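S.K.: Structure here, sequence nowhere to be found:
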């Protein structure tokens, strides 16, 4: 059965399409009798307004895109929840796309969202993204853009971030203040700014306390995986038998390091302390429970959507838009994997 159209309702009641449309919107220049007749018939025939046509006339789709690198990480699932909860509150739908940390897939997904004529796009870059021409294309097409977490400083748009450098500094300093003197860092891939900033924060803390910050204590986790954590824990302990702590790029890598220690009967935190990053939902359930940096994904998603909505509304009212960088606070959560 085909959907009933506004034209059919107008023909049945022998009124114009404009009058039928106004009646459904409760315009006062349509008589109460006609308004009631149109609404009753629309209900009887299960009439649904063509929202696509309405949105095209209003030059808005009430839909936004959210493009993230992966969903396995608990942080990004929290980001999704934060965006969707706030979007639903304001009458928006969210198209969620996952690039799997692939630059090529990310490019195609940006094209898809632009073809869908979304009102705005939230983007956290793939780890392999270096060329950002496809991101610049979003702004060239007049679509609102807000970047979050994994951002590019080359793009002139609003950004929602944490201070990764300070968060890493705070985490490393907690290890130092607990008595650790030789601390390795399992860093992320070389591309993302988050990886660089966390490494720099780690280095800042070591230099402040005049401890060894040489590069032979830094191991690059290209896949940011459980297996990377296991592999580099083995390598780091062989190369540095006096190592007494590690700070990792994420809790997943920390979990791999912790697993290696358990399998090889290396006491945590007796022999070595382990500090993660992100406060993964299972971090408190590990044995021993994992000390980590709490990275508030839900709040980041919520704030990112609200910033995007603010810019959509400003444009609608023909007001000027000034990109903002909003920093979400973090905190170090101390548990059993470190000497506290």
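M.R.: Noted; the coordinates are in hand. The structure displayed is predicted, hence computed values, not measured ones. Numbers count the residues shown, from 1 in each chain.
S.K.: show me where the stretch 201-340 of the chain has strands.
M.R.: For the stretch 201-340 of the chain, the strands defined by DSSP state E, counting those that start in this stretch cover 218-220, 245-248, 273-275, 292-294, 325-327, 331-333.
S.K.: What residues does the residue positioned nearest the centre of the chain make contact with?
M.R.: By Cα atoms, centre = their mean, the chain has its centre lying nearest to residue 79, at 4.6 Å. By Cβ atoms under 8 Å, 6 or more residues apart in numbering, the residues touching residue 79 are 66, 68, 124, 148, 149, 297, 298, 300, 301, 304. Just so you know, the C-beta spots here come from the backbone N, C-alpha and C atoms, and that holds for glycine as well.
S.K.: That one belongs to a strand, doesn't it?
M.R.: No. Assignment of residue 79 by DSSP: H, G, I helix; E, B strand; the rest coil gives helix, placing it outside any strand.
S.K.: And it, what's its pLDDT?
M.R.: Looking at residue 79, its pLDDT reads 97.
S.K.: picking that back up, compile the contacts of residue 79 into a markdown table and extend it with columns for neighbour count and distance to residue 141.
M.R.: A markdown table is the format used below for these (neighbours: other Cβ atoms under 10 Å; distance: Cβ to Cβ, whole Å):
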| residue | neighbour count | distance to residue 141 |
| --- | --- | --- |
| 66 | 27 | 17 |
| 68 | 28 | 20 |
| 124 | 25 | 20 |
| 148 | 30 | 20 |
| 149 | 26 | 23 |
| 297 | 25 | 28 |
| 298 | 17 | 29 |
| 300 | 25 | 25 |
| 301 | 31 | 24 |
| 304 | 29 | 20 |
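S.K.: From these, which land in helices?
M.R.: Among these, the members found in helices (DSSP state H) are 297, 298, 300, 301, 304.
S.K.: What is the three-state secondary structure of the residue nearest to the fourth one when sequence neighbours are not counted?
M.R.: This points to residue 301. Distances taken as Cβ to Cβ, 6 or more residues apart in numbering put residue 82 closest to residue 301, at 2.6 Å, once the chain neighbours are dropped. Classification of residue 82 by three-state DSSP places it in helix.
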